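Asks: coordinates only, sequence not included:
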């Protein structure tokens, strides 16, 4: 994820965006009360991995304040329940914003205990603007094509090149999707969920969201608390930092996670031959970055693309062996081919990525205020870069279209909620994408919620990834609403899964369940 909240006008100070119980768009009439949703027609669309998957679509208002106006279409997927005991629909979301949830439904249904999954219709969906939903956003195809300017603006010319790039993206979005941008935001997406609920003919829904999906779920719960049966939030966005401030905090956390990778490589010197001193290995990594900034590998991997390639290692340590192999080949042998292949696997952006980034910017730039004075961005980013250089400027440019966004901003939703049934929250202590404070904050804001902590865990998206402890709490909750109750900072604590070991065969990709999940969750939230 990437998030922060700031006042627009002043170049002198960035402060968290002021929260409101419900922003103006949230005060629109209830989707279910003001709009008559049509029951979806399900068709078989199973795959080898998920043979019982079904697909459908549902129409929702483009503007929920005008339910009789223009309609758009959301793509749905479903693994239907098979048990006599039916607990209703379980909507799943992989985050983003901009992530497609259609395949996630099959993964969740297959990963939960069979007796639990069988009691739910597991429903995936592409939020408005995403993937198979229509219309889909694609502001500037090829925006991430190599080789991009060096993210670190060491000269005015480099800064100007990056600024022109992000300004052109914002301008392209405004010209291409002027009719859609005012309506692509979290509150509108949350209201879409209630239209889906109505279309499914359900009085209540259960919801299971990862990453940004935790904020979407919390906003839905704020708008429609009586319509929430069960609520599971995994790797939790801090709703008090939507969105500018959370990106600055994320920069620091990703830097720590990158150093953890350097330490892991040092522990496996026998495999990678980069030495046993993590600091020296880190210096070697930055030397590689400098070399690629001067001479990109095969005209494909420069400094920006290298950072994109290693960013996934901050989300999921299962990628560490691949990253270490590519790093070692370049540093020890001057062989860039493994690095190029690893970039293509982890860092390159395809058409789906163009769409996801378009929705990401549309949602985050609309959801909350961002500084409009570039001097504020420059000041804040350099300050953080001095202590956390790994991704800080790369992340700044990723979000910088919001400084020039053609549509005004809403105000973040205060998700504090005393009307919900007990919610179940999952958070790793060393998560970089959604740092631990987010889980603690939402635990405090959602009355009667329970927080399960993965102590020492650094991955983002921790349930259904192989931890029997975490998954046991999830299964118990989805079975009958059972939540753990503790007296400390967390209601339950699970030990982190062990770090990976170096690959013994470079020809065989990982088949771990965690790798499958993280392929669905994607990166950048």
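Replies: Cool, got the structure. Not measured: the values here are computed from a predicted model.
Asks: Parallel or antiparallel, which strands does the helix or strand where residue 124 lies pair with?
Replies: Secondary structure assignment for residue 124, by DSSP states H and E: strand 121-125. Paired with strand 121-125 in the same sheet, following DSSP bridges, are strand 71-79 (antiparallel), strand 89-93 (parallel).
Asks: Residues contacting it, please?
Replies: Identification of contacts with strand 121-125 by C-beta atoms under 8 Å, 6 or more residues apart in numbering yields 74-81, 88-93, 101-106, 108-109, 133, 196, 200. Quick note: C-beta positions are derived from backbone N, CA and C, even for glycine.
Asks: Please name the nearest non-neighbouring residue to residue 56.
Replies: residue 40 (3.5 Å; C-beta to C-beta, 6 or more residues apart in numbering).
Asks: Run a quick neighbour tally on the residue nearest to residue 331 when sequence neighbours are not counted.
Replies: Spatial nearest neighbour of residue 331, excluding adjacent residues (C-beta to C-beta, 6+ apart): residue 284 at 5.4 Å. Using other C-beta atoms under 10 Å, residue 284 has 20 other residues around it.
Asks: Now the helix or strand that contains residue 284: average pLDDT?
Replies: Assigned by DSSP H and E, residue 284 belongs to helix 278-294. Average pLDDT, helix 278-294: 98.
Asks: just checking, what packs against it?
Replies: Helix 278-294 makes packing contacts with helix 244-267, helix 303-310, helix 320-333 when contacts are defined by 3 or more C-beta pairs under 8 Å, 6 or more residues apart in numbering; DSSP states H and E.
Asks: Now do the following helix or strand past the last one: everything it contacts.
Replies: The reference is to helix 320-333. As assigned by DSSP H and E, the chain's next helix or strand after helix 320-333 is helix 337-342. The contact list for helix 337-342, computed with C-beta under 8 Å, 6+ apart, reads 297-298, 300-301, 306, 309, 322-323, 325-327, 329-330.
Asks: From the residues you listed, keep the buried residues only.
Replies: For the contacts of helix 337-342, a neighbour count by 16 or more other C-beta atoms under 10 Å gives the buried set as 297, 300, 301, 306, 309, 322, 323, 325, 326, 327, 329, 330.
Asks: my read: the fourth one touches residue 289, true?
Replies: So the one you mean is residue 306. Yes - using C-beta atoms under 8 Å, residue 306 is in contact with residue 289, at 5.6 Å.
Asks: Stretch 445-459: end-to-end distance?
Replies: Using C-alpha to C-alpha, to the nearest Å, the end-to-end distance of stretch 445-459 comes out at 24 Å.
Asks: Also stretch 136-150?
Replies: Termini of stretch 136-150 sit 30 Å apart (C-alpha to C-alpha).
Asks: For that stretch, buried residues please.
Replies: Across stretch 136-150, burial judged by 16+ other C-beta under 10 Å covers 136, 137, 138, 139, 140, 143, 144, 146, 147, 148, 149, 150.
Asks: mean confidence for that stretch?
Replies: 97.
Asks: Also stretch 242-258?
Replies: 96.
Asks: Could I get the full set of helices for the stretch 151-300 of the chain?
Replies: Along the stretch 151-300 of the chain, counting by DSSP state H, counting those that start in this stretch, helices occupy 156-176, 186-199, 212-223, 244-267, 269-272, 278-294.
Asks: Turn those into a markdown table, columns for distance to residue 404.
Replies: A markdown table is the format used below for these (distance: least, C-beta to C-beta, whole Å):
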| stretch | distance to residue 404 |
| --- | --- |
| helix 156-176 | 4 |
| helix 186-199 | 21 |
| helix 212-223 | 22 |
| helix 244-267 | 14 |
| helix 269-272 | 42 |
| helix 278-294 | 25 |
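Asks: Return the most buried member of the ones you listed.
Replies: helix 212-223 (a mean of 28; mean count of other C-beta atoms under 10 Å).
Asks: Which strands and helices lie in contact with that helix?
Replies: Contact here means 3+ C-beta pairs under 8 Å, 6+ apart; on that basis helix 212-223 packs against strand 89-93, helix 186-199, strand 205-210, strand 228-234, helix 436-445.
Asks: coming back round to it: right, and the helices of the stretch 151-300 of the chain - which one's nearest residue 45?
Replies: Relative to residue 45, the nearest member of the helices of the stretch 151-300 of the chain by C-beta to C-beta is helix 186-199, separated by 17.4 Å.
Asks: about what we covered before: I'd like the strands paired with strand 121-125 written out as TSV, with distance to residue 356 added.
Replies: Shown next, in TSV, are the strands paired with strand 121-125 (distance: least, C-beta to C-beta, whole Å):
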stretch	distance to residue 356
strand 71-79	14
strand 89-93	13
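Asks: okay, these, which one's buried deepest?
Replies: Of all the strands paired with strand 121-125, strand 89-93 carries the top mean neighbour count, a mean of 27, counting by mean count of other C-beta under 10 Å.
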